[in-house]
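> Need the 3D shape of this:
(chains A and B)
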Amino acid sequence: MNMDHVLAHHLLDHKIADLFSLHGIAFALSKHLLTMWIVGIGLLAILSYAVHGKGEFAKILRHAVEVIVLYLRDEVVEPLLGHDAHKYLHYFLSLFFFILGCNYFGLIPLGDILRALHIPFTDVGGTATGNIGVTAGLALCTLGLIVVGSVRALGPVGFIKNFMPVPADLHWSMKIVLMPLMGVIELIGLVVKIFALTVRLFANMIAGHIVILGFFSLIFIIGSASQHLGIFAAGPFALGMVTFVNFLEILVGLLQAFIFTLLTAVFVGSMLHAH
Amino acid sequence: MDKLLSPDIGLMIWTIFSFLILVFLLRAFAWGPLLASIDARDNALREERERAEKAREESEKIQRDLEARLAVAAEEAKGIVGQASKDAEALRSRLKADAEDEARGMIDKTRVQLEDEKNKLIGELRREVADLSLTAAERLIKKSVDPSVKKTVMDDFFSELEKQKAA
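Predicted structure coming up:
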């Protein structure tokens, strides 16, 4: 067994079907895309049930969702976005729950369950947020929100002025020199922010999986030297560590969803309000 | 492993579209109604609190008002009691003075009456004594005195007595 293949199988996206292609970009249906859709539909179903449902369980679910919603509203979005908070609150709530859903859905070994049930289709599951394409897409949505939000709040001219901040008491000639420079710096800053968002979520989600795969590989590495040692020493050790890392992943999944949401709110908030 | 770090542009665009559609769907079916009901509840709570606050202020105002009125009433009552006791004192001293005057008048009148009575009694006694004396003298001289003479003698005697007394 090749470690590279194992990693590729468990961590990478798999193409399920070619849908269409535009300007050389292939829009394929893939495992992670399917997973995202399932998560999206699941969220829609669960949250709609929580909001509109009548039963006792719906009430409990609604209270649980409300606690998170109120926390995000009162502690994250409103302090950072101020009076614009209510305009974008639903975006942040969706972002948090979507990332959380993807993170936690990735903890379920859905492909293995389907395989165990002898269902022929197993190309589903996995952590969509452990795919850099997905996290980049979400980070670009944040970028879009930053641009759209600040253009809406400050107007196109205000947005550009906010993008090239120079001290007001400076001589006009200095301003002319400084403004393009500041523009470039701000642009780099924005790109770095988006890149950091992309990599932070991706790396955090993939790291746990790699660690888990590493511990499992330990069984086979030691087992290739001595089968008994592999089964009776490395096996229980790896199992214990993997269980521990899985619990850690529950924490990390929540934490990263919150951090992505928080940082998006920080970036949007800092662009909405002029320097 | 290069694939792990190179983003799939197609998936990236799929992600953006899928996520934005999810945002709009969640806004319509979950967040919109949920946030509206949270806001409605918050508003109801705030209104309830404001009403309670207003009621508390109202009751405090009423209490302050009552206390002020109570203080005024107490002040008034104190004034009334003071006035009444002053009046009573005045009345008492007036009554006492009146009573004293009346008593004094009665004493004076009684004294005058007693004096008169005494004088009258003295006069009568004298007359009686004179009569007795004359009767005794008459017997002594065994001769009846003419009543007119007797009267003249007695009158003279009394006038002399009056004169002596006046002197």
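> What average pLDDT does stretch A:247-258 get?
Average pLDDT, stretch A:247-258: 92.
> right, quick check: that stretch against chain B, any contact?
No - counting by Cβ under 8 Å from any Cβ of the partner chain, chain B is not contacted by stretch A:247-258; separation bottoms out at 13.4 Å. In short, each C-beta sits where N, CA and C put it, glycine included.
> Pull out the buried positions in whatever helix or strand residue A:86 lives in.
Using DSSP states H and E, residue A:86 falls within helix A:85-105. By neighbour count with 16 or more other Cβ atoms under 10 Å in any protein chain shown, helix A:85-105 contains the buried residues A:85, A:88-105.
> Among those, which ones lie close to chain B?
Among these, chain B is touched by A:89-91, A:93-95, A:97-98 when using Cβ under 8 Å from any Cβ.
> Regarding chain B, what is its longest helix?
helix B:32-140 (DSSP state H).
> low-scoring pLDDT stretches of chain B, where are they?
Along chain B, the parts satisfying pLDDT under 70 run over B:1, B:142-145.
> Could you list the contact residues of it toward chain A?
B:1, B:3-16, B:18-23, B:25-27, B:29-35, B:37-38.
> any idea how far residue B:20 is from the residue of the stretch 101-250 of chain A found nearest chain B?
Residue nearest to chain B within the stretch 101-250 of chain A (Cβ to the nearest Cβ): residue A:137, separated by 2.9 Å. Applying Cβ to Cβ, to the nearest Å, the value for residue A:137 to residue B:20 is 10 Å.
> neighbour-wise, which of the two wins?
A side-by-side neighbour count of residue A:137 and residue B:20, using other Cβ atoms under 10 Å in any protein chain shown, places residue A:137 first with 26 against 15.
> Same question for the more buried one, what's its three-state structure.
helix (DSSP: H, G, I helix; E, B strand; the rest coil).
> Could you pull up the contacting residues of the closest residue to it other than its chain neighbours?
Of all residues not flanking residue A:137 in the chain, residue B:15 sits nearest, at 2.9 Å (Cβ to Cβ, 6 or more residues apart in numbering or on different chains). Going by Cβ atoms under 8 Å, 6 or more residues apart in numbering or on different chains, residue B:15 touches A:33, A:36, A:133-134, A:136-138.
> switch the cut-off to 10 Å
A:32-33, A:36, A:98, A:128-129, A:131, A:133-141, B:7-8 (Cβ atoms under 10 Å, 6 or more residues apart in numbering or on different chains).
> Give the closest residue to residue A:194 in space, chain neighbours not counted.
residue A:139 (4.6 Å).
> shouldn't the one you found be in contact with residue A:192?
No - using Cβ atoms under 10 Å, residue A:139 makes no contact with residue A:192, being 11.2 Å away.
> and those two? which has more neighbours close in?
Each of residue A:139 and residue A:192 has its neighbours counted (other Cβ under 10 Å); residue A:139 has more, 28 against 10.
> Can you give me the distance of the more buried one to residue A:251?
From residue A:139 to residue A:251 the distance is 22 Å (Cβ to Cβ).
> now residue B:72
Taken as Cβ to Cβ, the span from residue B:72 to residue A:251 is 69 Å.
> which residues of chain A fall in helices?
A:3-11, A:31-52, A:56-71, A:78-81, A:85-105, A:110-116, A:132-163, A:172-225, A:227-229, A:235-272.
> give me the element the closest residue to chain A within chain B is part of.
For chain B and chain A, the shortest gap (Cβ to the nearest Cβ) falls at residue B:15, measuring 2.9 Å. Secondary structure from DSSP H and E places residue B:15 in helix B:9-26.
> can you pull the contacts of the closest residue to residue A:131 other than its chain neighbours?
Nearest non-adjacent residue to residue A:131, counting by Cβ to Cβ, 6+ apart: residue A:32, 4.9 Å away. Under the criterion of Cβ under 10 Å, 6+ apart, the neighbours of residue A:32 are A:12-14, A:102, A:106, A:123-131, A:133-134, B:8, B:11, B:14-15.
> 7 Å instead, please
A:13, A:126, A:128, A:131, A:134, B:11 (Cβ atoms under 7 Å, 6 or more residues apart in numbering or on different chains).
> Out of those, which two sit at the greatest distance?
A:126 and B:11 (12.6 Å; Cβ to Cβ).
> Distance check, residue B:43 against residue B:132.
128 Å.
> right, I mislabeled it, should have said residue A:222
Counting by Cβ to Cβ, the gap from residue A:222 to residue B:132 is 175 Å.
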